[in-house]
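Peer 1: Based on what follows, work out the 3D shape:
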Amino acid sequence: MPTIEYGPPLSLADARRIVNAAEFEAEKQGWAMVIAVFDSTGHLVVLNKMDHAQYGSIELAQAKARTATHFKRATKLFEDAIAQGGLSLRLLSAPDFCLFEGGLPLWRDDKLVGAIGVSGASSNEDGIIAAAGARALQG
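Peer 2: The predicted model follows:
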């Protein structure tokens with residue numbers, strides 16, 4: 001597997017564009033979500049709690065973004081690994097680690113520049129909103 005490099009941190013303008021795209025999709029679907037965008041250093045840039053989003057999603061959205069940044073992969077990969085059981089269950093002992101879909105790394109020029117984490121609906125629905133936000137960085 002090739003080495004994935006961290007790139008320069010996302011700007012506030014990029015993070016806002018990502019959040020706006022994710023929020024637009026969430027509103028279209030009728031889902032109240034919390035959207036967190038982290039930069040490549042693993043720090044929060046923007047946290048957006050939509051009206052009526054559940055409070056527990058504030059921490060969970062950040063945990064998803066943090067996990068995607070620190071481990072350079074989508075959190076769905078970890079959710080799928082846990083579902084398979086066996087040796088993958090060792091992931092349950094990892095500290096500060098989120099095992100739910102909804103966290104995606106953000107890429108620019110094949111380098112990880114940040115991550116988005118979304119929480120507020122089912123894991124699959126969180127993933128749909130995260131993908132909408134991630135697409136905004138590419139467009």
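Peer 1: Now tell me which helix or strand of the protein has the poorest mean pLDDT.
Peer 2: helix 75-84 (a mean of 94; mean pLDDT, DSSP states H and E).
Peer 1: Tell me which residues of that one come out buried.
Peer 2: For helix 75-84, the neighbour count (16 or more other Cβ atoms under 10 Å) marks 75-76, 78-79, 81-82 as buried. Heads up, the C-betas are built off the backbone N, CA and C, glycines and all.
Peer 1: tell me the mean pLDDT over the lengthiest helix in the chain?
Peer 2: Identified as the longest helix of the chain according to DSSP state H is helix 12-29. In this model, helix 12-29 has a mean pLDDT of 98.
Peer 1: which other helices and strands contact it?
Peer 2: For helix 12-29, the helices and strands in contact under the criterion 3 or more Cβ pairs under 8 Å, 6 or more residues apart in numbering; DSSP states H and E are strand 34-39, strand 44-49, strand 111-119, helix 123-138.
Peer 1: what about the ones you listed, which gets the closest to Leu12?
Peer 2: Relative to Leu12, the nearest member of the helices and strands packed on helix 12-29 by Cβ to Cβ is strand 44-49, separated by 6.2 Å.
Peer 1: Show the subsequent helix or strand relative to the closest one.
Peer 2: Following strand 44-49 in sequence order, the next helix or strand is helix 56-71 (DSSP states H and E).
Peer 1: what angle sits between that next one and strand 34-39?
Peer 2: Using axes from the mean of the first three to the mean of the last three Cα atoms, to 10 degrees, one finds that helix 56-71 and strand 34-39 are set 30 degrees apart in direction.
Peer 1: re earlier: export the buried residues of helix 75-84 as CSV, with columns for distance to Ser93.
Peer 2: Output for the buried residues of helix 75-84, formatted as CSV (distance: Cβ to Cβ, whole Å):
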residue, distance to Ser93
Thr75, 17
Lys76, 20
Phe78, 13
Glu79, 16
Ala81, 13
Ile82, 12
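Peer 1: All good on my end, thank you.
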